[in-house]
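S.K.: The following block contains a protein sequence and its predicted model.
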Amino acid sequence: MTKKPNFLIFILAISCGSLAANIYYAQPIVQLIAKELNIPSDLSGLLTTFTQIGYGLGLFLIVPLADFFKSKKIIGILIGLTIISLIGTLISENGIVFILLTTIIGIGACAAQILVPLTMRIVPIEETGKYVGRVMSGLLIGIMIARPLSIGIAGWFSWRMVFLFSLITLVVILLLIIKFLPNYEVVSTSNLSYPKLIASMVKLLINTSPLQQRAFYHACLFATFSLYWTVMPILLRSEPLRFSNNEIALFGFVAIAGALLTPTIGKIADKGFISIMTNVSMMLVLLSIVLLFFVRDHSLTSVILIIISGISIDIGVSGNVLLGQKVIFGLNPEIRNRLNGLYMTIFFLGGAFGSWIGSYTYYKFNSEVTLIIGTALPLIALLVHLIKNNTINLSKTKSKYMS
């Protein structure tokens, strides 16, 4: 365990944020990319869809390997592949090739979820919540800043400069990791073949109740998060709100303040208040959607409500993912990467569902239907968590009186 973890934690945080941002850079500029590469408008969404598919595949198929091979080596290979793919995006003139490259970029982004569990090997066990919170703040800030940053760079220069920016950033990240990240030994003593490794993940999911619960909770919350940031720009541009792109981007930057509070939630969790903070996180996400029902125009009141809403959802989502990781990271060090891979895969699928259902219901019906769905998801998670906790407490009470 490192005696002075702050510098290493900083490297993990900026690395995770830089990698995760690659999943979302293309999302707000797909029209610009599709136009130049002659990709039909109805297929332009594949640019982001395949990036997300690549990320999902990486979470399930590559992240678990870190239980059996040295993490630093896997991380270096993934970042190297991402850098090569980013070089390809700068010179590509073919739409199919570009989509293939973005898929590889998505796969490379899963390196972030190999970096996060390394926090447990750097810091004292009693402070894991605080430090995992710092790393997750970096990751979530990367996700949140990617869209407005992409819009800004593409507007000031060109869309290819967005990928050049990411390329330069990841080269620096790779050099930092090579220089400073310790080459930790593998914790697992198992000797599974790759097919058995994947099969073991299915068994872990079936037999690990805390993983099932935390993955379900965050799948609901991350679905709301994805719905929120998919629909919010469309909603704010529409009548009668009529916010400009610059104003919408500014809302995105302001909302990032919420992710900065993640380490505070981690500190509270370290004191044993995981259940309470889970309830708080879910209620904040619920509040963020409810507030949007009262946004009616371009007034100062609406602006304040939008800002509070954005900060609330970022605090709630970033806090809950941290609480989930604190629970599953504490289960068994030998299977930590497999647990994290499963956790991330499940709630990532929730996020993909949220993006789809958000845009579908908005265009098929109206914004009210979309917001109702956005309200229902965290409410379901909150009710399930409350029922689960009450059941556990009743069982403990019965055991106490029977003993």
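M.R.: Happy to help now that I have it.
S.K.: Quick one: low-confidence residue ranges for the stretch 151-300 of the chain.
M.R.: The stretch 151-300 of the chain contains residues with pLDDT under 70 at 187-190, 245.
S.K.: scratch that, the stretch 1-150 of the chain
M.R.: If you take pLDDT under 70 as the line, the stretch 1-150 of the chain has these spans: 1-4, 41-45.
S.K.: Show me where it has its helices.
M.R.: Taking DSSP state H, counting those that start in this stretch as the criterion, the stretch 1-150 of the chain contains helices spanning 6-21, 30-36, 46-61, 71-91, 95-109, 112-115, 119-122, 128-156.
S.K.: ok, the nearest residue to Val116 once chain neighbours are set aside - contacts?
M.R.: Distances taken as CB to CB, 6 or more residues apart in numbering place Val135 nearest to Val116, at 5.6 Å, with adjacent residues excluded. From N, CA and C alone the C-beta is placed, and that goes for glycine too. Taking CB atoms under 8 Å, 6 or more residues apart in numbering, we find Val135 in contact with 9, 12-13, 16, 115-116, 119.
S.K.: coming back round to it: would you convert the helices of the stretch 1-150 of the chain into TSV that also reports distance to Leu197?
M.R.: What follows is the helices of the stretch 1-150 of the chain, written out as TSV (distance: least, CB to CB, whole Å):
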stretch	distance to Leu197
helix 6-21	23
helix 30-36	35
helix 46-61	9
helix 71-91	13
helix 95-109	17
helix 112-115	15
helix 119-122	20
helix 128-156	24
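S.K.: Tell me which of these is the most buried.
M.R.: A comparison of those by mean neighbour count, using mean count of other CB atoms under 10 Å, puts helix 112-115 on top with a mean of 26.
S.K.: what's next to that helix, contact-wise?
M.R.: Residues contacting helix 112-115 (CB under 8 Å, 6+ apart): 12, 15-16, 19-20, 59, 63, 66, 71, 74-75, 78, 135, 139, 337, 340-341, 344.
S.K.: Got the domain ranges for the chain?
M.R.: 1-186, 189-403 (automatic domain parsing).
S.K.: hmm, back to that, from the contacts of Val135, pick the one nearest Lys179.
M.R.: Nearest to Lys179 out of these is Leu12 (CB to CB; 13.8 Å).
S.K.: can I assume the closest one is in contact with Pro117?
M.R.: No. With contact defined as CB atoms under 8 Å, Leu12 does not reach Pro117; the gap is 10.0 Å.
S.K.: Where does Leu305 sit, in terms of helix or strand?
M.R.: helix 300-329 (DSSP states H and E).
S.K.: Tell me which residues touch Val369, please.
M.R.: Residues near Val369 by CB under 8 Å, 6+ apart: 361-362.
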